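Student: Take a look and give me a structure for this.
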Amino acid sequence: MRTNYFRRRNRRGAAAVEFALTVPLVFLFFMASIEFGRVYMIRQTLENAVYEAARRGLVPATTDTEIRQTAADMLGSIRVNNPDISIAQDDQSVSVTIELDISDSSWVPPLFFRGKQLTSTLTMAKDRG
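Tutor: Numbers count the residues shown, from 1 in each chain. Next up is the predicted model:
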């Protein structure tokens with residue numbers, strides 16, 4: 001009876017050590033999954049914003065400001081900060097490029113994507129109808 005008591009008592013210390021060693025790893029995986037999920041969401045929204053802004057530019061008499069606002073509104077919906085939106089249009093096509101720094105739009109302090117840039121460009125031909 002006495003040996004069982006000592007085994008259980010010693011095991012409690014082992015459980016505390018195991019907990020102390022595994023919690024940082026679990027926390028690291030949790031934070032990494034949040035960061036990777038956020039970057040994936042930003043990337044998908046960036047692609048969609050470039051597409052919608054280019055489509056907006058296909059409408060006759062659309063200004064660069066309206067195109068830029070379309071892209072900024074889409075990126076603003078997920079709180080992307082400081083996107084650099086470039087527009088080039090002529091009589092035949094419209095091209096929209098968006099660049100942004102992932103660190104500016106992260107929900108958690110960036111571990112894996114600090115200082116990384118996302119860029120998307122789309123060129124669409126205007127209908128000469």
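Student: Report the next helix or strand after the longest helix seen in the chain in sequence order.
Tutor: Using DSSP state H to define each element, the chain has its longest helix at helix 2-58. Next along the chain after helix 2-58, taking DSSP states H and E as the criterion, comes helix 64-76.
Student: Could I get the buried residue list for that following helix?
Tutor: 67, 68, 70, 71, 72, 74, 75 (16 or more other C-beta atoms under 10 Å). No exception for glycine: its C-beta is placed from N, CA and C like everyone else's.
Student: Can you name the residues in contact with it?
Tutor: Among residues not part of helix 64-76, those counted as contacts by C-beta atoms under 8 Å, 6 or more residues apart in numbering are 45-46, 48-50, 52-54, 56-57, 83, 85, 87, 89, 94, 96, 98, 100.
Student: Quick check on those: which are buried?
Tutor: 45-46, 49-50, 52-54, 56-57, 83, 85, 87, 89, 94, 96, 98, 100.
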